[in-house]
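Novice: Take this sequence and fold it.
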Amino acid sequence: MGTGADTTAALQAAFTWLNAAVGRKLQVPVGTFSFNSDLRILQYSATLEGIGGGQGGNCRLMGVNNARIIVGQAILGPLSGGVPTKLGTKTQDVVLRNLSIQPVDNHSGECVLLDYADNTLIEKCTIGPYNNTGSTVTIGVKTNWVQWLYIDKNQINVNGVCIWLRRPSTALNNED
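Specialist: Residues are numbered from 1 along each chain as shown. So this is what the prediction gives:
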């Protein structure tokens, strides 16, 4: 079970397993799991789900030093007719459910990055700063090249007072 100690190696191994085949479900037990590098979901129909507790708070993934959960991998390719080509690894039908995804140090940046991911469901999660005294620039969820994001029964916090979904400011990072 997680204790808040650095569990990066174990989480990286679990995400490697999750990404090895379509449709896998990685269940996170009750506890606090700290990670210091990005954890990336690169497979279609993958599910990352907390088990054994109430909404979000009992299965806590805590990013250290700006580490975050990333779904997909967008790589900007060369321009074709003035429009950027999309390279990388696109995901589809990914589910994040019943988790708390938060930064240990209330870093600037996002806790979850949807980076070339379609039909993503975020359900019954708590996403954002760990407490109300952190950074004013922590973003709960950021999107790049995403179509159809479903957000259902979540608490997405920025300093405990609001929801902040950030859409990229240029068309280069948008889906269409």
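Novice: so where's this structure uncertain?
Specialist: The model of the chain has pLDDT under 70 over residues 1-4, 53-57, 106, 130-137, 155-176.
Novice: so is residue 14 in a helix, a strand, or just coil?
Specialist: helix (DSSP: H, G, I helix; E, B strand; the rest coil).
Novice: What's opposite the residue lying closest to it once chain neighbours are set aside in the beta bridge?
Specialist: Nearest-residue entry for residue 14: residue 26, 5.6 Å, with adjacent residues in sequence omitted and distances by CB to CB, 6 or more residues apart in numbering. Using the backbone N, CA and C atoms, a C-beta is placed for each residue, glycine as well. Using DSSP bridges, the beta-bridge partners of residue 26 come out as residue 48.
Novice: Check whether residue 26 really touches residue 20, as I assumed.
Specialist: No: with contacts counted by CB atoms under 8 Å, residue 26 stays clear of residue 20, the gap being 10.9 Å.
Novice: Show me which of those two is the more surrounded one.
Specialist: Legend: neighbour count by other CB atoms under 10 Å for residue 26 and residue 20, higher for residue 26 (15 against 10).
Novice: ok, now how distant is that one from residue 75?
Specialist: Note on residue 26: its distance to residue 75, by CB to CB, to the nearest Å, is 24 Å.
Novice: and residue 15, what is it in contact with?
Specialist: 26, 39, 40, 41 (CB atoms under 8 Å, 6 or more residues apart in numbering).
Novice: Give the burial count for the third one, as a bare number.
Specialist: Other residues near residue 40 number 21, with proximity taken as other CB under 10 Å.
Novice: Please give me every residue in contact with it.
Specialist: Taking CB under 8 Å, 6+ apart as the contact definition, residue 40 lies against 15, 19, 69, 70, 71, 73.
Novice: that older thread, what's the spacing between the residue nearest to residue 14 and residue 50?
Specialist: Using CB to CB, residue 26 is found at 10 Å from residue 50.
Novice: Much appreciated, bye for now.
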